[in-house]
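# the following comprises the amino acid sequence and a computationally predicted model.
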Amino acid sequence: MSLSDSQQALDDGRTAYAAGDFDLAYTQFEKAMTLNPRCARAYCGRGNVLSQRGDFDAAERDYATAIHLDPQDAVSYFNRAIVFSSTGRFEAAIQDLGQPVGFDPNCARYWFLRGYCLLYTGKAERAVSAFNESLRLDPKDAWAHSCR
């Protein structure tokens, strides 16, 4: 087996995840990790499956491993922030969202999640600014409208 086999398993995992076949996605991400234990994207992908299943503790561990393997991976920070916010750890989510790892400043979802977490930590003024930025980027986002 080679790194190209690991990449194929990773691609197959992503395809299965997008199709909603989480069992196959999980299997493929694990295969990619077995073939290349340093594949941060495989840990992130498996974390997505675990999060989808509601296993937030295991998802958090996978995202942490992905971040350890690739500290510049904004996707893993973002996904771990979702886990943190889903489990009521809003300050930890804000910390992950504040990492200087290249979050896309034009991503409405980033600004919405940031606003949501700021709102739940009592930082209403900053939350409104984040929701406004989310709406500027995606004016039809009903969630951002309702939170503002």
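Thanks, I have it.
# where does the chain dip in pLDDT?
1-3, 100-102, 142, 144-148 (pLDDT under 70).
# make it 90
Along the chain, the model assigns pLDDT under 90 to residues 1-3, 72-74, 97-111, 130, 133-135, 137-148.
# need the helices for this protein, in chain order.
3-18, 22-35, 40-52, 56-69, 74-86, 90-97, 108-120, 124-137, 142-147 (DSSP state H).
# may I have the second one as PDB, with CA atoms only?
These are the backbone C-alpha positions of helix 22-35, laid out as PDB (Å, rounded to 0.1, in the frame of the first residue of the first chain):
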ATOM      1  CA  PHE A  22     -21.500   7.500   7.300                       C
ATOM      2  CA  ASP A  23     -20.600   3.900   8.000                       C
ATOM      3  CA  LEU A  24     -18.700   3.600   4.700                       C
ATOM      4  CA  ALA A  25     -17.100   7.000   5.300                       C
ATOM      5  CA  TYR A  26     -15.900   6.000   8.700                       C
ATOM      6  CA  THR A  27     -14.400   2.800   7.300                       C
ATOM      7  CA  GLN A  28     -12.600   4.700   4.500                       C
ATOM      8  CA  PHE A  29     -11.300   7.300   6.800                       C
ATOM      9  CA  GLU A  30      -9.900   4.600   9.200                       C
ATOM     10  CA  LYS A  31      -8.300   2.900   6.200                       C
ATOM     11  CA  ALA A  32      -6.600   6.200   5.200                       C
ATOM     12  CA  MET A  33      -5.400   6.600   8.700                       C
ATOM     13  CA  THR A  34      -4.000   3.000   8.800                       C
ATOM     14  CA  LEU A  35      -2.200   3.600   5.500                       C
END
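# thinking again about what came up before, Serialize the helices of the chain to TSV and add fields for mean neighbour count.
Placement of C-beta: from N, CA and C, glycine included. Shown next, in TSV, are these (neighbours: other CB atoms under 10 Å):
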stretch	mean neighbour count
helix 3-18	17
helix 22-35	20
helix 40-52	24
helix 56-69	20
helix 74-86	23
helix 90-97	20
helix 108-120	21
helix 124-137	17
helix 142-147	14
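# nearest residue to the most centrally placed residue in the chain other than its sequence neighbours?
Centroid-nearest residue in the chain, with CA atoms, centre = their mean: N79, separated by 1.5 Å. Leaving aside its sequence neighbours, N79 sits nearest to Y63 (CB to CB, 6 or more residues apart in numbering; 5.5 Å).
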